[in-house]
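S.K.: Whatever this is, show me its structure:
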Amino acid sequence: MASHGIEIKDLYKVFGPNGAKCVEMVKNGMSKAELNEKHGHVLGLKDINISMPAGQIQVVMGLSGSGKSTLIRHINRLIDPTAGAVLYEDVDVCQMSKAELLEFRRHKTAMVFQKFALLPHRTVMHNTVYGLEIQGVDKAEAKKRAQRWIERVGLDGFEDHYPNQLSGGMQQRVGLARALTNDADILLMDEAFSALDPLIRTDMQSVLLDIQQELKKTIVFITHDLDEALRLGDRIAILRDGEVIQQGTGQEIVLNPADGYIADFIKEVNRGRVISVATIMSDTPLEEATKVEVHPDDRLETAAHAMAEQEETRANVRDKSGNLVGSLLLKDTISAMVTAATH
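M.R.: Numbers count the residues shown, from 1 in each chain. From the prediction side, this is the model:
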C-alpha cells in the first residue's frame, strides 16, 4: 500500500445498542430488512473493503441511504465502527487514543461539507484560517497561507466578506480554501458540490481537478451523481444498502457493469467521455500516412472529433515518449461510443 493511501478492511457498522452481536447475525446471512424488523437495529455498512489510492481521488457513490456518508465519517472517526479497520500509514484510525485521534483530525484530514459549514460571524479570511488557529499556527503565517488558497479558489478581493454576502458557489469555495489551507494529506468531501447549481457545480469540479493536479492529495469524494463520479474519480466504489456492489475505474465500471443495478446506473452515460483510446486501439500502427495522431489516454470523443475534422477514418496512436504504439479506426471508435454493455 502507498504511504498515504487509505485501506478500509472488513468494515461493519450496525446502529443500535447491541451492534457487535448483530454483526455476527449479518455475517451469518441476515439481511438489512430482517435485522431492522426482528432486532430493531440498522445495518449501516456491511463488509466494506476498499483500497483508496494515495494522491488520487476515490469517489464513493450511491443513492440516498446507501451508506456513503456513514463510510466517509469512519475515515476521521466521527463514527466508530462496529467491526473492522481503517488504516492510514498502516495505523488503524479505529484504535487511536483520544489524543492520537485529535492529532490525526487536526493535521492529517480536512473535511468539506455539502452545507458549507462556515462560521457565519467570521469573514472569508477568518473562516479560512480557522483550522490553523486551532493548530496554534502563528497569525501572520496563517493569514499568508490562507491568502494563497483564497486567491487560488477565485475569491481574491472577498477576504472581508461574511458568508451571508456570498452565493452558494462562493461559500463552497471558502470551504475548499479552508480545507486546503490546513494542508492535510486527506481531503474528505461529503456531497461537497451537491447543493450547487449545475453550472457552478461543473465549475467547482474543474477547480478541484486543477488544484489536485498540483497537490496530489488523497481525496475521498462522496456523490450520488454518476457524471460527477466519472469526471472526478480515479477510482469509484458504488454502494447499495451499505455494501460495495462494484469498484474500479470509471471506464471499468462503464464497460463491465457488475449487475443490472449498475447497468441501469450507467445506461445514460456518454461513453465517449469515459473510454480511452488505449482500450480499443490496435497494437499495430498504420503503414500508410494519416493526418491524425492521438494519445492512448485520450478519450474516444476527442479522437473521433480529431478524425472527423481531418476527414480521416483512421489515426495513429503515439505515446508520451513519441513512440508510435498503435492505430485507431473511426468505425471502432463510434461503435465503442454507442454500444452499451449487454447482460
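S.K.: could I get the helix or strand I211 falls within in CSV with only the CA atoms?
M.R.: Element membership of I211 [criterion: DSSP states H and E] is helix 198-215. The C-alpha coordinates for helix 198-215 follow below in CSV (Å, rounded to 0.1, in the frame of the first residue of the first chain):
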residue,chain,number,x,y,z
PRO,A,198,-25.3,22.7,-12.4
LEU,A,199,-23.0,25.3,-14.0
ILE,A,200,-21.4,26.3,-10.7
ARG,A,201,-21.1,22.6,-9.8
THR,A,202,-19.2,21.9,-13.0
ASP,A,203,-17.0,25.0,-12.3
MET,A,204,-16.2,23.7,-8.8
GLN,A,205,-15.3,20.3,-10.2
SER,A,206,-12.8,22.0,-12.6
VAL,A,207,-11.3,24.0,-9.7
LEU,A,208,-10.9,20.7,-7.7
LEU,A,209,-9.3,18.8,-10.6
ASP,A,210,-7.0,21.7,-11.4
ILE,A,211,-5.8,22.0,-7.7
GLN,A,212,-5.5,18.2,-7.5
GLN,A,213,-3.1,18.2,-10.5
GLU,A,214,-0.7,20.2,-8.4
LEU,A,215,-1.3,18.9,-4.9
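S.K.: helices or strands up against it?
M.R.: In terms of contacts (3 or more C-beta pairs under 8 Å, 6 or more residues apart in numbering; DSSP states H and E), helix 198-215 is packed against helix 168-181, helix 226-232. For the C-beta atoms, the positions are set from N, CA and C on the backbone; glycine is no exception.
S.K.: Which of those has the lowest mean pLDDT?
M.R.: Of all those, helix 168-181 carries the lowest average pLDDT, namely a mean of 87.
S.K.: so how far is it from its chain's centroid?
M.R.: 17 Å (C-alpha atoms, centre = their mean, to the nearest Å).
S.K.: buried stuff in that helix?
M.R.: Buried positions in helix 168-181, judged by neighbour count with 16 or more other C-beta atoms under 10 Å: 169-181.
S.K.: Give me the angle between that helix and helix 198-215.
M.R.: Orientation check (axes from the mean of the first three to the mean of the last three C-alpha atoms, to 10 degrees): helix 168-181 against helix 198-215 gives 20 degrees.
S.K.: ok, back up a step: what's the helix holding I211 in contact with?
M.R.: Residues from elsewhere that reach helix 198-215, judged by C-beta atoms under 8 Å, 6 or more residues apart in numbering: 57, 152-154, 167-169, 172-173, 176, 180, 189, 192-194, 196, 219, 228, 231-232.
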